[in-house]
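Asker: What would the 3D arrangement of this be:
(2 chains, ligands or ions: 2)
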Amino acid sequence: MEKKLLSVENVNVFYGDAQAIWDVSFHVNQGAIVALIGANGAGKSTALNMISGFNPPATGRILYEGKSLNNLPPEEIVNRGISHVPEGRRLFKRLTVLENLELGAFNSTDSRKRMKQSLEEVFRLFPKLEDRINQPAGTLSGGEQQILAIGRAMMSQPKLLMLDEPSLGLAPQIVELMFDIITQLREKGITILLVEQNVYQTLRISDYAYVLQTGHLKMEGRGEELLADPDFQKTFLGMVY
Amino acid sequence: MVTISSLDVFIQVIINGTLYGCIYGLAAIGLSLIFGSMQIIFIAQGAMMVLASYFTYWFFTLTSIDPLLCFILLLPVFYALGAIIYRVCFKRVARAGKNPTLLLAFGIMVLFERAMALLWSPDTRSVTTDYTTMSLSLGNINISYIRLLVFVIGIAATIIVFLFLKKTMWGKAVRGSSEDPHAAALLGISPVKVATLTFAIGISLAGVAGVAVAMSYPFDPYFGFIFSLKALVAVAIGGMGSVGGAFIGGVLLGLFESLGSYLISSGWADAISYAIFLIVLIFFPEGLFGRSAKKV
Ligand SMILES: Nc1ncnc2c1ncn2[C@@H]1O[C@H](COP(=O)(O)OP(=O)(O)OP(=O)(O)O)[C@@H](O)[C@H]1O
Ligand SMILES: [Mg+2]
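Answerer: Ligands and ions are numbered 1, 2, ... in the order given. Here you go, the predicted structure:
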């Protein structure tokens, strides 16, 4: 039996009066890679910000490990084990690599106590970061910055990692590396909710995917199902080429 | 040209300017911290200083507590005052942007000034201890012990705040949050807690500066405003959000003023500092020690 780690049920999300998400439901099974795909402005980032507590749903439920996340502040949601790597990485560019990582463990006394162990794990996954611990984060290359952003999010030892367009703006071979890293993280037992516009590669590594279009859930299915679907081909594969 | 006979006077002017600048520097560190993390120009910083000066005065007058002790006694009081001012006044308004927060800070300043004038009269007060007039003599140069003490306290406060920001988790959180509050919040760093902490520290530093003022100068309820302005100039010189820069900016400003009034005439001191303010803002918008243009 597959266990649901996160389920989002019939949520509606607004920015002031403007509705950005309409009656959307999806779920993420424990240990899976689940993708949210869709064009610009589809509401992918809004969905992640909703889960992290920055823009809670006006109606509908978010359940994580069977408990509601609806009215929790962002810091409490991090404490529950959800880490969010935002679009554009948003590192502290003036802080050093090490300081960025340390702040990833800020959320709770537990995380701080495990800091040394978490650091070792991050350096084991991303040895290059260790060579640069005292360098300001802003001096790293794009790929390294994305890796640091993921490393920073790993410092709270999350169960669910949400990645918002991790391949955005990276050179093609680095994009490959990024998808390898995501697969590797899943092998470590971390559940992943992946927002991407790189449709092919995303579907290749995901167990399940949801397609958003202007705030509505349009389609869902396993990667090969979606790729074979004529409707999906028309909307998305045209977009890629 | 400075002649040999006036060399002593010249050195004296430099020393006095530096020490005077330390009070600017102390006020400026607080202003810079608050600005760095919340983009609030806390123009009431000077009024907070003078409040601490009054506390020092009343403690000394009523209980003859040594003003030196006030440096320690007032720290928790002003720490709490800072936290309260943020929670009560700024927490909600901060979202509304820079203009409302500046107006609010202005309102707080006027409120405190008037309240002090009503409670304690607008008369000029001063604290005169046994050691007020004592000074260290090196040849012909005299340095008052109190000024020297202010200098040491200014440097110590700068170092403590600097170490706090560099070495502690909360200090790193303050720096991270001032660079990108949303990214910090994503990591579980509550913007409200960070802002409360920065305000508490900023106002504590105003408290320290206020005790120093009480020990060094006569003051009245409106004496603080000029310090707010000078602290602002110091922050502009040192670069917004840089603690060490703010302190050095304050010291440099004191030095410029003191040299200006010596070399030109005393009436020019204020004109000089505002001229520096404008020049720095126009030509070095990131401050003399500011970082090169940061990416938006
Ligand atoms: N802060 C905001 N205020 C108002 N509207 C917003 C805000 N952020 C996003 N929106 C709107 O919400 C909708 C969904 O935006 P969102 O950023 O979630 O899309 P996205 O799928 O992440 O797109 P992208 O691929 O460009 O990142 C868009 O119509 C957008 O204009
Ligand atoms: Mg987005």
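
Asker: Residues contacting the helix or strand hosting A:S45, please?
Answerer: Applying DSSP states H and E as the criterion places A:S45 in helix A:44-51. Outside helix A:44-51, the residues that touch it by CB atoms under 8 Å, 6 or more residues apart in numbering or on different chains are A:6, A:8, A:11, A:13, A:15, A:20-21, A:24, A:36-38, A:55-57, A:62, A:69, A:77, A:82, A:84, A:86-87, A:162, A:164-165, A:193, A:195, A:212, A:215. To be clear about C-beta, it is placed using only N, CA and C from the backbone, and glycine gets the same treatment.

Asker: For that helix, give the mean pLDDT please.
Answerer: With pLDDT averaged residue by residue, helix A:44-51 scores 97.

Asker: centre of the chain versus it, how much separation?
Answerer: From the chain centre to the centre of helix A:44-51 is a distance of 9 Å (CA atoms, centre = their mean, to the nearest Å).

Asker: Which positions within that helix qualify as buried?
Answerer: When burial is assessed from 16 or more other CB atoms under 10 Å in any protein chain shown, helix A:44-51 yields the following buried residues: A:44-51.

Asker: which among the contacts of helix A:44-51 end up buried?
Answerer: Buried among these by 16+ other CB under 10 Å: A:6, A:8, A:11, A:13, A:20-21, A:24, A:36-38, A:55-57, A:62, A:69, A:77, A:82, A:84, A:86-87, A:162, A:164-165, A:193, A:195, A:212, A:215.

Asker: For ligand 1, what's the nearest residue on chain B?
Answerer: In chain B, the residue that lies nearest ligand 1 is B:H182 (10.7 Å; CB to the nearest ligand atom).

Asker: Give me the nearest residue to that residue, chain neighbours excluded.
Answerer: Of all residues not flanking B:H182 in the chain, A:R90 sits nearest, at 6.9 Å (CB to CB, 6 or more residues apart in numbering or on different chains).

Asker: what helix or strand is the one you found on?
Answerer: Assigned by DSSP H and E, A:R90 falls outside every helix and strand.

Asker: Could you report the pLDDT at whichever residue of the stretch 151-296 of chain B sits closest to ligand 2?
Answerer: Using CB to the ion, B:H182 is the residue of the stretch 151-296 of chain B that sits closest to ligand 2, at 13.6 Å. The per-residue pLDDT reported for B:H182 equals 92.

Asker: how about stretch A:31-43 against ligand 1, any contact?
Answerer: Yes. Using CB under 6 Å from any ligand atom, stretch A:31-43 reaches ligand 1 at A:38, A:40-43.

Asker: Go through these and say which is closest to chain B.
Answerer: A:G43 (18.2 Å; CB to the nearest CB).

Asker: need the contact list for that closest one.
Answerer: A:13, A:20-21, A:24, A:212, A:214-215.

Asker: which ones are touching the residue of chain B closest to ligand 1?
Answerer: With CB under 8 Å, 6+ apart, B:H182 has these contacts: A:54, A:86, A:90.

Asker: Make CSV out of the residues you listed and add pLDDT and distance to B:T129.
Answerer: Converted to CSV, these look like this (pLDDT from 0 to 100; distance: CB to CB, whole Å):
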residue, pLDDT, distance to B:T129
A:F54, 95, 54
A:P86, 97, 56
A:R90, 96, 52
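
Asker: Which single one of those is nearest to chain B?
Answerer: A:R90 (3.8 Å).

Asker: The closest one contacts B:D180, doesn't it?
Answerer: Yes. The pair A:R90 / B:D180 is scored as a contact, 5.5 Å apart, by CB atoms under 8 Å.

Asker: Find the nearest non-adjacent residue to the residue of chain A found nearest chain B, please.
Answerer: Ranking the residues of chain A by distance to chain B (CB to the nearest CB) places A:N107 first, at 3.0 Å. Nearest residue to A:N107 in three dimensions, chain neighbours excluded: B:G188, at 3.0 Å (CB to CB, 6+ apart).

Asker: Now do the helices in the chain.
Answerer: Chain wasn't specified; assuming chain A. With helices called from DSSP state H, chain A shows them at A:44-51, A:74-79, A:97-104, A:109-113, A:115-125, A:127-130, A:142-154, A:172-187, A:199-205, A:223-228, A:230-232, A:238-240.

Asker: looking at chain B here, not the other one
Answerer: Using DSSP H, helices in chain B cover B:7-38, B:45-63, B:67-85, B:91-93, B:98-120, B:145-167, B:169-179, B:181-186, B:191-216, B:224-238, B:243-263, B:269-283.
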